[in-house]
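Enquirer: Prediction below, plus the sequence it came from.
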Amino acid sequence: MDELRALITKHARPDMTTIIDDVLVSRTTAGGPPAPSMSGTILAFVAQGRKRIALGERVYDYRAGQYLVASIDMPITGNYVGISPSEPALGLGLVLEPDLVAELLLTGDLPKPAGTPEGLAVSDASPELVDAVTRLARLLDQPRDARALAPLVKREILWRVMTGEQGAVVRQLGAQDSSLSHIARAVRWIRENYAESFKVENVARIAGMSESAFYRNFQAVTAMSPIQFQKQIRLQEARLLLATNSDVTSVSHRVGYDSPSQFSREYRRQFGAPPSRDAKLRLQPAL
């Protein structure tokens, strides 16, 4: 872990990107209040520090030596806990590709995905997984070797997770007809059409499920109803728009609200301040 922490510290950039495709590293020195974001579809390994994430009414804590799997890109709220410039949070992330998961499913004797797993899951990392993550981080110092070896190490990491405690969550990602793949289609549609009103029965049809099965599975994965999920996306998009557009009414209509007053109420409930005030606070330079 000491070597991994040193490598992450050395290669951390503000945008978290690295020389290896789909590999991210982060170094965070300040905790701050919980902030909304999208989870991404990712395996996130913690080398130092602790983070708390809320998805709907579920709360996930993960710390050094643990990893989090996000099988669908979902609206979350999270923050680092107990960190400082002298003790920053350090992490390495691997973007999960369904095609690679599907390929590994074909090559290994793994149980078929069953049921509907939660969209987020946390587990302790095995020694074998820690070793593979560290070897991937070493390749950040070896660009020529990384081109040939990084894909192999990424496959190993994915395999370790697929055969571990949270394997069912990842295996569903690569199974074409799994309940997770059906919900993922619906999530994609809601994200792309968040400003449109919809009936749950129509989105269930897009997912290829009955309305009752869709509603049940959607809540199991996201900890939210489809309408709550849409509202979270709308509010997060509105917050981004307000960074460049101070017209609250215009932004509220753009993200799909008919009533600016309802938008302001829900925005304040989500972010702790009315839209215009929140935008000004976030644009103020840090002291």
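Expert: Cool, got the structure. Numbering: from 1, shown residues only.
Enquirer: quick one: buried residues of the helix or strand of the chain with the lowest mean pLDDT?
Expert: Scoring the helices and strands of the chain by mean pLDDT, DSSP states H and E places helix 275-283 at the bottom, with a mean of 80. Across helix 275-283, burial judged by 16 or more other Cβ atoms under 10 Å covers Pro275, Asp278, Ala279. (Glycine included, C-beta is placed from N, CA and C.)
Enquirer: all helices for this structure, in order.
Expert: 2-11, 98-107, 127-138, 143-162, 167-174, 179-192, 200-207, 211-222, 226-241, 248-254, 260-271, 275-283 (DSSP state H).
Enquirer: follow-up on the earlier one: can you put the buried residues of helix 275-283 in CSV and add distance to Phe229?
Expert: Listed next are the buried residues of helix 275-283 as CSV, based on distance: Cβ to Cβ, whole Å:
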residue, distance to Phe229
Pro275, 21
Asp278, 21
Ala279, 24
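Enquirer: Low-confidence bits of the stretch 1-150 of the chain, can you list those?
Expert: 111-115 (pLDDT under 70).
Enquirer: dump the residue contacts of the residue nearest the centre of the chain.
Expert: The residue lying closest to the centre of the chain (Cα atoms, centre = their mean) is Ser39, at 1.7 Å. Contact analysis of Ser39 by Cβ atoms under 8 Å, 6 or more residues apart in numbering lists Ile53, Leu55, Ala70, Ile72, Asp73, Met74, Pro75, Ile76, Gly119, Leu120.
Enquirer: who does the first one bridge with?
Expert: Just to be clear, that refers to Ile53. Beta bridges link Ile53 to Tyr60, Gly78 when assigned by DSSP bridges.
Enquirer: residues in contact with it?
Expert: Ile53 neighbours (Cβ under 8 Å, 6+ apart): Ser39, Val59, Tyr60, Tyr62, Leu68, Ile76, Thr77, Gly78, Leu120.
Enquirer: again, but for the last one
Expert: For Leu120, the set of contacting residues under the criterion of Cβ under 8 Å, 6+ apart consists of Ser39, Ile53, Leu55, Arg58, Tyr60, Leu68, Val69, Ala70, Ser71, Met74, Ile76.
Enquirer: pretty sure the third one contacts Met74?
Expert: Read it as Leu55. Yes - Leu55 is in contact with Met74 according to Cβ atoms under 8 Å; the separation is 6.2 Å.
Enquirer: overlap in contacts of these two?
Expert: By Cβ under 8 Å, 6+ apart, Leu55 and Met74 have these common neighbours: Ser39, Gly119, Leu120, Thr222.
Enquirer: tell me the phi and psi of the second one?
Expert: What that stands for is Gly119. phi -70, psi -20 (degrees, to the nearest 10).
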